[in-house]
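*Asks:* sequence and predicted structure are below.
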Protein chains: 2
Amino acid sequence: MDVKTHDLLCEALPGAFGDVYLAQENRPEGMDFFNMVVADIHGIRPQELVDFQKEGGKVVGSFCIHVPDEVVIAAGAIATGLCSGSQFWVPDGEKFLPTATCPLIKASLGARFGKTCPFFRICDLFVGETTCDGKKKAWEILAEDAPMHIMDIPQMKRPQDFEKWACEIKGYIKKLEELTGNTVTPESLKKAIEIVNNKRKALQRLNNFRKLENIPISGKDVLLIHQIAFYDDPTRFVTMVNKLCDELETRKKQNVSVFKKGTKRILLTGTPLSIPNWKIHHIIETTGGAVVCEEMCTGIRYCEALVDETGTTIDEMVNNLTKRYLGHINCACFTPNKERIDDIIRLAKEYKADGVIDLNLKFCNIYDTEGYFVEKVLREHNIPCLGIETDYTDEDAEQLKTRIGAFIEMLR
Amino acid sequence: MDVKTHDLLCEALPGAFGDVYLAQENRPEGMDFFNMVVADIHGIRPQELVDFQKEGGKVVGSFCIHVPDEVVIAAGAIATGLCSGSQFWVPDGEKFLPTATCPLIKASLGARFGKTCPFFRICDLFVGETTCDGKKKAWEILAEDAPMHIMDIPQMKRPQDFEKWACEIKGYIKKLEELTGNTVTPESLKKAIEIVNNKRKALQRLNNFRKLENIPISGKDVLLIHQIAFYDDPTRFVTMVNKLCDELETRKKQNVSVFKKGTKRILLTGTPLSIPNWKIHHIIETTGGAVVCEEMCTGIRYCEALVDETGTTIDEMVNNLTKRYLGHINCACFTPNKERIDDIIRLAKEYKADGVIDLNLKFCNIYDTEGYFVEKVLREHNIPCLGIETDYTDEDAEQLKTRIGAFIEMLR
């Protein structure tokens, strides 16, 4: 670790968190746990991981919601997300990657090479995938410094592609068995599927409160919880989310809303928002809007579909994982990807969105190009849509406030 | 066709061709044929294709050297390349695609949607592939206007990936059989493999002259011939290239060089140079350099490896095509892609390059990222390297002249 540089990050984060999060009015008390997790993001959880390693456990980091955590858990290892959401890491990433690479990828490599993120130091294995050009090629550079395993994700969703992805999951199981020395058994995989499904169910329960007319929790709080889902202990996480949901249940009965009457309901779609990327939510929710749903990897795409729990053999369970992880995640990396457009329309109705903001991280070509269809179909459905491109800097914050503010004002 | 707009292109092309090509001194007479092909690029060949269609024939256009022309020929159809190399088509492409997309892809879509390229009007089928994010997603938009078939190229080269690509080639055969009403037989496929191999052999023969100390033909002439290889009739093309090579054989005996003594030998590597993109060759060859080899799709990657001709069944021949088309094309779309770096080092030696220019079309993330390894390994081999990023405009021409000129001057 480069402790001195890392300290700069630790000094900046509480200020940013205070401005964006703690300044909110009428937050649920159940957010206290998540506040604490963020406040000590590079303390508590990393320590747990290191303690686990001291007992002989292995920690596996990944960058994409197509990579099944179930397999890691079934092998007795701990899975953690690694995508990076801060400009802090971008300059170190740009030493190795083209500037015209999306900030998420640059920050991820920067976090490793700059030695300024404990998660990137702790992991025993880094799992990359071939979802997009930027990631696929970045893993080659990361592999010079870190132990990598690559999963080749099909670019289409035909029957043969499901077979191929099942094969990749089996290869991943083998890799993890080698890493941990443990065997993935039908019992351990079944249990792992339940653990991760419970996480999804808790998040689904949480998201359902956002469908209410009176929304008892802010969009940015829900975003934060999704972000924490990627690296917190899954069982503790489920407990804390359900505890929060119990509180929201009471709020629901009392028609409590954290938003003023007339606040416009925004569905956010597009590229992922990794921690601590709260920029767009903060802008939307301080200019008359409420984010009611994220059709994103850090949102609905992460938790919406469950893995079928009825499998009893490894083969059956791998097939069930394949169906969920290939069939039900509609990332713009697929061609064609009409299912995502259908999702957006469906979610806009379910969450009663007044408008959609199609968000693109700069230089993410796949989501940017797919925006053509997103905007076209939303127009056909008479749902107002604003396309936005941004990165991790704050340079465009004022301009975005103006654009997003004007968009929200225009919504009836 | 938008004839009026197309006329503007036809007016501009002869001027550009005259400046870049006809102004060269001591060109081989065998270039006359290729001059004529370019001079009437939207006349002679398109007319041949239309005449073929009138007799019931089908024309199949593709965008990538991973797509095997052999299959098209075996089905009794005509294969033509479609990648576009002119800024002329870019603005029409930008109406549909993000600005931050490589100019080749933007120009290709622009050529179709702007109705200003006869090849893009004539084709009965457009074959896309998932080589890069930009192309993969662009085909979805092209499919709104044109009949498309997509081949999903594996992103890696493990044994299972070869099986997968063989499966894609078989799917392509089926598609072409449906399109043409013809059956691909072992005989027709064998014959087609020979036809395309002959094209490769002729180009290999041509490229070999560039290994000589006295180079009897300019790099830009060889580039032009590679570009024409993508769309001319293969049998005629082979005859004309061999005729030219006979002339070069005489030049070889007489130690004729088209370059002055002391001209520096440049290996060009990177993204493809589609017709009429002659910009970098022209700059290099007017600032003291000679391009001796292109480690590019429009170069060595297109012609270096032959398909094994010993197969007798369709399965054997498909396997041989797979080995060649997946195994021997080292595009930056693969991960890892060490073979390309090995190729560059090998070719630099074979062609006695004094230096390497690593060329990247703007917003091509895969080649740009791989440049990290290209430059690193060249440094390790003490081979001077210049990384350049450019697009189809002429805006950076003066700046490139300065940079390339300085690089060439620096070479000993």
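*Replies:* Good, I have the coordinates. Residues are numbered from 1 along each chain as shown, chains lettered A, B, ... in the order given.

*Asks:* residue A:81 versus residue A:32, what's the distance?
*Replies:* Applying Cβ to Cβ, to the nearest Å, the value for residue A:32 to residue A:81 is 22 Å. Bear in mind the C-beta positions are built from the backbone N, C-alpha and C, glycine included.

*Asks:* if you count surrounding residues, which of the two has more?
*Replies:* residue A:81 (25 against 12; other Cβ atoms under 10 Å in any protein chain shown).

*Asks:* pLDDT score for that one?
*Replies:* With respect to pLDDT, residue A:81 scores 97.

*Asks:* so it sits against residue A:230, correct?
*Replies:* Yes. Applying Cβ atoms under 8 Å as the test, residue A:81 and residue A:230 come out as touching, 2.9 Å apart.

*Asks:* and the residue most central in space within chain A, what does it touch?
*Replies:* By Cα atoms, centre = their mean, chain A has its centre lying nearest to residue A:298, at 2.6 Å. The contact partners of residue A:298, by Cβ atoms under 8 Å, 6 or more residues apart in numbering or on different chains, come to A:223, A:226, A:227, A:230, A:272, A:273, A:274.

*Asks:* 6 Å instead, please
*Replies:* Applying Cβ atoms under 6 Å, 6 or more residues apart in numbering or on different chains, we find residue A:298 in contact with A:226, A:227, A:272, A:273.

*Asks:* skipping adjacent residues, who's closest to the second one in space?
*Replies:* In this case it means residue A:227. The shortest distance from residue A:227 to any non-neighbouring residue, by Cβ to Cβ, 6 or more residues apart in numbering or on different chains, is to residue A:275 (3.9 Å).

*Asks:* relative to residue A:359, how far out is that neighbour?
*Replies:* Distance from residue A:275 to residue A:359, by Cβ to Cβ: 16 Å.

*Asks:* for chain A, what lies in contact range of chain B?
*Replies:* Selection of chain A residues close to chain B by Cβ under 6 Å from any Cβ of the partner chain yields A:98, A:100, A:130, A:132-134, A:136-137, A:140-141, A:152, A:155-156, A:335-336, A:363, A:365-366, A:368-369, A:372.

*Asks:* can you check the pLDDT for residue A:248?
*Replies:* 98.

*Asks:* distance check, it against residue A:26.
*Replies:* As judged by Cβ to Cβ, residue A:248 and residue A:26 stand 12 Å apart.

*Asks:* which one's more surrounded, the two?
*Replies:* Each of residue A:248 and residue A:26 has its neighbours counted (other Cβ under 10 Å); residue A:248 has more, 22 against 12.

*Asks:* surely that one is in a helix?
*Replies:* Yes. Membership of residue A:248 in a helix is supported by DSSP: H, G, I helix; E, B strand; the rest coil.

*Asks:* what's the helix or strand for the residue of the stretch 301-412 of chain A at minimum distance from chain B?
*Replies:* For the stretch 301-412 of chain A and chain B, the shortest gap (Cβ to the nearest Cβ) falls at residue A:369, measuring 3.7 Å. In this assignment (DSSP states H and E), residue A:369 forms part of helix A:365-380.

*Asks:* which residues touch that helix?
*Replies:* A:132, A:270-271, A:332-333, A:341, A:356, A:358, A:360, A:385, A:387, B:98, B:133-134, B:137, B:141.

*Asks:* which residue of chain A sits farthest from its center?
*Replies:* residue A:254 (30.8 Å).

*Asks:* which residues in the stretch 101-250 of chain A form helices?
*Replies:* With DSSP state H, counting those that start in this stretch as the criterion, the stretch 101-250 of chain A has helices at A:103-113, A:118-122, A:133-142, A:159-180, A:186-208, A:219-229, A:234-253.

*Asks:* what's the next secondary structure element after the last one?
*Replies:* The reference is to helix A:234-253. Next element after helix A:234-253 (DSSP H and E): strand A:264-270.

*Asks:* and that next one, what does it pack against?
*Replies:* strand A:289-295, helix A:338-350, strand A:355-361 (3 or more Cβ pairs under 6 Å, 6 or more residues apart in numbering or on different chains; DSSP states H and E).

*Asks:* looking at those, which is buried most?
*Replies:* strand A:289-295 (a mean of 26; mean count of other Cβ atoms under 10 Å in any protein chain shown).

*Asks:* show me what counts as buried in the following helix or strand past that one.
*Replies:* Downstream of strand A:289-295, the first helix or strand assigned by DSSP H and E is helix A:300-303. Buried residues in helix A:300-303, counted by 16 or more other Cβ atoms under 10 Å in any protein chain shown: A:300, A:301, A:302, A:303.

*Asks:* from residue A:70, how far off is residue A:191?
*Replies:* As judged by Cβ to Cβ, residue A:191 and residue A:70 stand 9 Å apart.

*Asks:* the more surrounded of those two?
*Replies:* residue A:70 (28 against 13).
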